[in-house]
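[1] A structural model of the following input is requested.
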Amino acid sequence: MPHRLQPFAIFVVLLLFTAALPARSQESPYIVTYDHYLEEPGSLEVEYFSTFGTQRAGNDFHAFWTEFEYGATAWWTTELYLDGQTTFNDSTIFTGFRLENRFRLLQREHFINPVLYIEYENTSGADKILKEVEGHDVESDYTDPNARARQEHDHELEFKLLLSKTFKGWNIAQNTIATKNLTGGNPWEFGYALGASHPLALKASAQRCSFCRENFIAGVEMYGGLGDRYSFGLHETSHYLAPVVAWNLPSDWTLRLSPGFGLNDNSHRFLLRWGVSREFSGFGAALSRLLGGRP
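    This next block holds a predicted model:
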């Protein structure tokens, strides 16, 4: 099977397998920022996201990734990402995978809720999903042709401290990012993400409906790089501001949309992100039964 088809094939297979599972959905609108909520134990969320990015000194691109997010326990969520991209007037390629784990550090809700994020990335230099921005990542880094960029192979460890609080419907989240590329002797790189969001209505309607205001959550994200251990700060870094909105459908699907705007000359002028996801409760028990074990 061609690499470009692998993420989509797996996505379709998972949807067919889980179609009969009961589902629940009330997702945040964030695409870059993480809040403190983890996946429900035994539940699986299947997601597809896209990023369209403009390039002033190169070809525009469409990057995409598929996520499989599973609630292993009440305090541990694990995820697999499969990445790819199409650079216009160039080619479409598979760019790698990521393994993510999030660990909730406090059992109950507190004034601030910390979560530890650890991710391993095995990607090529052609990866363009821009899931986060770190170090001195700038627009010009994405101009190389795919044939050249894919020759670079990155093995990275990424750590984040996620801090989040929800009060009177408002969620405020802050992420601190530290990344170490295990190849090439590169220094530690740093970044940040900030998010704030609120449902359009807190009180649920008496009747089930698709366009009720409480089904929509709107907010804003800001994210960017903070240099590296030798040059920490805002010099030669890129930064973005992006409104975000999520539509949680009664059919248990969630749609997200986020137009992003570069805040300086090092940034892409425009990033358009969108995504679709569905969460399936009871996936772990269903898989156990399928394999002949106990739920």
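[2] mind listing the strands for this protein?
    For the chain, applying DSSP state E gives strands covering 44-53, 61-71, 76-87, 91-104, 113-124, 153-167, 170-181, 189-199, 216-228, 239-248, 253-262, 270-280.
[3] how big is the angle separating the third one from strand 44-53?
    Put plainly, it is strand 76-87. Computed by axes from the mean of the first three to the mean of the last three CA atoms, to 10 degrees, the angle separating strand 76-87 from strand 44-53 equals 30 degrees.
[4] ditto for the last one
    Inter-element angle recorded for strand 270-280 and strand 44-53: 170 degrees (by the same axes, to 10 degrees).
[5] Can you spell out which helices and strands pack onto strand 270-280?
    helix 6-18, strand 44-53, strand 239-248, strand 253-262 (3 or more CB pairs under 8 Å, 6 or more residues apart in numbering; DSSP states H and E). (Each C-beta comes from the backbone N, C-alpha and C, glycine too.)
[6] hmm, back to that, want to try JSON lines for the strands of the chain, with mean pLDDT, distance to residue 287 and mean neighbour count as columns?
    Putting these into JSON lines (pLDDT from 0 to 100; distance: least, CB to CB, whole Å; neighbours: other CB atoms under 10 Å) gives the following:
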{"stretch": "strand 44-53", "mean pLDDT": "97", "distance to residue 287": "9", "mean neighbour count": "21"}
{"stretch": "strand 61-71", "mean pLDDT": "97", "distance to residue 287": "10", "mean neighbour count": "21"}
{"stretch": "strand 76-87", "mean pLDDT": "98", "distance to residue 287": "14", "mean neighbour count": "21"}
{"stretch": "strand 91-104", "mean pLDDT": "98", "distance to residue 287": "19", "mean neighbour count": "18"}
{"stretch": "strand 113-124", "mean pLDDT": "98", "distance to residue 287": "23", "mean neighbour count": "17"}
{"stretch": "strand 153-167", "mean pLDDT": "96", "distance to residue 287": "28", "mean neighbour count": "17"}
{"stretch": "strand 170-181", "mean pLDDT": "97", "distance to residue 287": "31", "mean neighbour count": "19"}
{"stretch": "strand 189-199", "mean pLDDT": "98", "distance to residue 287": "32", "mean neighbour count": "21"}
{"stretch": "strand 216-228", "mean pLDDT": "98", "distance to residue 287": "30", "mean neighbour count": "21"}
{"stretch": "strand 239-248", "mean pLDDT": "97", "distance to residue 287": "25", "mean neighbour count": "20"}
{"stretch": "strand 253-262", "mean pLDDT": "97", "distance to residue 287": "21", "mean neighbour count": "19"}
{"stretch": "strand 270-280", "mean pLDDT": "96", "distance to residue 287": "11", "mean neighbour count": "20"}
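[7] Among those strands, which comes closest to residue 137?
    strand 216-228 (5.3 Å; CB to CB).
[8] Counting by contacts, list what that closest one packs against.
    strand 189-199, strand 239-248.
[9] then that strand to CSV, C-alphas only?
    Only the C-alpha atoms of strand 216-228 are listed here, as CSV (Å, rounded to 0.1, in the frame of the first residue of the first chain):
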residue,chain,number,x,y,z
PHE,A,216,-20.6,25.2,19.9
ILE,A,217,-17.4,26.0,21.8
ALA,A,218,-15.4,29.0,20.7
GLY,A,219,-12.1,30.3,21.7
VAL,A,220,-8.6,31.5,20.7
GLU,A,221,-5.1,30.1,20.7
MET,A,222,-1.7,31.7,20.6
TYR,A,223,1.5,29.7,20.1
GLY,A,224,5.1,30.0,19.1
GLY,A,225,8.8,29.3,19.7
LEU,A,226,11.0,30.4,22.5
GLY,A,227,14.4,29.6,21.1
ASP,A,228,16.9,27.0,22.5
